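Student: structure for the following, please:
(2 chains)
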Amino acid sequence: SQKIEQNSEALNIQEGKTATLTCNYTNYSPAYLQWYRQDPGRGPVFLLLIRENEKEKRKERLKVTFDTTLKQSLFHITASQPADSATYLCAPGGSSASKIIFGSGTRLSIRP
Amino acid sequence: DAGVIQSPRHEVTEMGQEVTLRCKPISGHNSLFWYRQTMMRGLELLIYFNNNVPIDDSGMPEDRFSAKMPNASFSTLKIQPSEPRDSAVYFCASSLDGRATAFFGQGTRLTVV
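Tutor: Got it, this is the predicted structure:
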């Protein structure tokens, strides 16, 4: 069955450093992969989408890579700030755009 | 647009009672999703609709759960009878067909005592 794995342990990073989160998937070949941010008590909010023919995508301090051979996506936040503290979820998507399934998320904490 | 609107925000009910959660998707979106989130199981997809038609309900835990979408602007998730293990945050999300991005509501925190 399809499986999505993210770091289950919280990631603690010093302010100013680069945070790197990992998303691994098995038993399917997604056409794209999305990253969302979730703050406590709120619903997830879309950040970035990367397609299978794209190796890398950037948005301000965020960078996402997508390696279809390794079946892995990396999510980077450069020059991290305490306001970046949140849970980050990945969602690999299939050829059908309708079904969106999420990984368990990684809680990121940026300390001043 | 006000975004995806869910009601109620919080619901506390006694075991055995019927619970109905409501969702209004973003106007023009034709895919709607119901998710359940717990610490143990993360964000689980329960069911999703496309053009008001249920496409995949394989995530619905059991027959006590049912969902409907009578029109493009309204959906309900019903639990009857409710049990303490149903306690969770339930999210509704919508998306534009052909585009993958999902927009989430603020969720309903359900507590069954």
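Student: and residue 87, how many neighbours?
Tutor: Assuming you mean chain A. Other residues within reach of residue A:87, judged by other C-beta atoms under 10 Å in any protein chain shown, total 20. In this view, the C-beta of every residue, glycine as well, is placed from N, C-alpha and C.
Student: oops, wrong one, chain B.
Tutor: If we define neighbours as other C-beta under 10 Å, then residue B:87 has 16 of them.
Student: so how far is chain A from it?
Tutor: In this structure, residue B:87 and chain A are separated by 16 Å, where distance is defined by C-beta to the nearest C-beta, to the nearest Å.
Student: my guess is residue A:35 contacts residue A:90. True?
Tutor: Yes. Contact criterion C-beta atoms under 8 Å: residue A:35 and residue A:90 qualify, at 5.5 Å.
Student: okay, buried residues for stretch B:55-73 please.
Tutor: Neighbour counts over stretch B:55-73 (16 or more other C-beta atoms under 10 Å in any protein chain shown) mark B:56, B:59-60, B:65, B:67, B:69, B:72 as buried.
Student: give me the mean pLDDT for that stretch.
Tutor: The predicted model gives stretch B:55-73 an average pLDDT of 94.
Student: distance between it and the chain's centre?
Tutor: Its chain's C-alpha centre lies 8 Å from the corresponding centre of stretch B:55-73 when counted by C-alpha atoms, centre = their mean, to the nearest Å.
Student: of the buried residues of stretch B:55-73, which belong to strands?
Tutor: Helix and strand membership here follows DSSP state E; of these, those in strands are B:56, B:65, B:67, B:69.
Student: residues in contact with the third one?
Tutor: Read that as residue B:67. B:34, B:46-47, B:49, B:54, B:57, B:60, B:75-78 (C-beta atoms under 8 Å, 6 or more residues apart in numbering or on different chains).
Student: measure whichever residue of chain A sits closest to chain B to residue B:104 for me?
Tutor: Closest residue of chain A to chain B, C-beta to the nearest C-beta: residue A:43 (3.0 Å). For residue A:43, the distance to residue B:104 (C-beta to C-beta, to the nearest Å) stands at 3 Å.
Student: number of nearby residues for residue B:51?
Tutor: Other residues within reach of residue B:51 by the criterion other C-beta under 10 Å amount to 11.
Student: so how many other residues sit close to the closest residue to it other than its chain neighbours?
Tutor: Leaving aside its sequence neighbours, residue B:51 sits nearest to residue B:30 (C-beta to C-beta, 6 or more residues apart in numbering or on different chains; 5.1 Å). By other C-beta under 10 Å, 17 other residues sit near residue B:30.
Student: do residue B:101 as well
Tutor: Here the neighbour count serves as a burial measure; for residue B:101 (other C-beta under 10 Å) it reads 18.
Student: and the one 5 residues further on, by the same measure?
Tutor: Residue neighbour count, defined by other C-beta under 10 Å, stands at 17 for residue B:106.
Student: stretch A:34-51: how far from the chain's middle?
Tutor: For stretch A:34-51, the distance from its own C-alpha centre to the chain's C-alpha centre is 8 Å (C-alpha atoms, centre = their mean).
Student: correction: the previous question concerned stretch A:61-72.
Tutor: Distance of stretch A:61-72 from its chain centroid, counting by C-alpha atoms, centre = their mean, is 9 Å.
Student: do stretch A:63-80 as well
Tutor: Stretch A:63-80 sits 7 Å away from the centroid of its parent chain (C-alpha atoms, centre = their mean).
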